[in-house]
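**Student:** Predicted coordinates and the sequence they were generated for:
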Amino acid sequence: MKYILGVLVDNHPGVLSKVTGLFSRRGFNIHSLAVGITENPEISRITIVVDGDEYIAGQLTKQLNKLINVIQVSIIGEDSISRELALIKVKAAPKTRNQIVDIVNIFRAKVVDVNRYSIIVEITGDNEKIAALEDMLSDFGIVEVVRTGNISMDRGLKMVRYIHPENKEEEYYGENVL
């Protein structure tokens, strides 16, 4: 089973290396990784997708929480919203272009570049949607695929968010309400 970890860290050089090093030392493969600054520019959020069971996810959470620059680790729920972005370059002869564009439109993807030999498609969605588009385009000849890591957010009021102890008026809202 795949688990999604939301990790808040100090936005400093070398922190990502420490986090990924923990996975490497423990022999865990990272299925997907995405990093970006949060609403607070001093804090970055790392979204990590790993294979394992509940015990492994719990152990990784405990180990990550021991790292100095890690502020908070949360296991993102199964009912979360998850997305990836992919760019797919497809061979596109003049006589197959319309077919490719029709398929792209069915998936609500976008053509972002066209030249004499290929089309580059941009798609945003969950892993299954992106894989399905890749499958449909494979008959035309996929030249190259680039994907971002998975980003995920819990639904409702549950969130991965750091509340500074001095901010008494702010609270973690708890479980989903939707």
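**Tutor:** Yep, it's here. Numbering: from 1, shown residues only.
**Student:** residue boundaries of the strands in the chain?
**Tutor:** 2-10, 30-37, 43-51, 70-76, 81-91, 110-114, 118-125, 142-147, 151-153 (DSSP state E).
**Student:** Look up how far residue 132 lies from the residue located most distally from the centre of the chain.
**Tutor:** Using Cα atoms, centre = their mean, the residue of the chain lying farthest from its centre is residue 95. It sits 35.5 Å away. Between residue 95 and residue 132 the computed distance is 24 Å (Cβ to Cβ, to the nearest Å). Where you see a C-beta, it was placed from the backbone N, CA and C, and this is true even at glycine.
**Student:** JSON lines for the strands of the chain, including distance to residue 103?
**Tutor:** Output for those, formatted as JSON lines (distance: least, Cβ to Cβ, whole Å):
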{"stretch": "strand 2-10", "distance to residue 103": "27"}
{"stretch": "strand 30-37", "distance to residue 103": "25"}
{"stretch": "strand 43-51", "distance to residue 103": "27"}
{"stretch": "strand 70-76", "distance to residue 103": "31"}
{"stretch": "strand 81-91", "distance to residue 103": "9"}
{"stretch": "strand 110-114", "distance to residue 103": "11"}
{"stretch": "strand 118-125", "distance to residue 103": "9"}
{"stretch": "strand 142-147", "distance to residue 103": "12"}
{"stretch": "strand 151-153", "distance to residue 103": "25"}
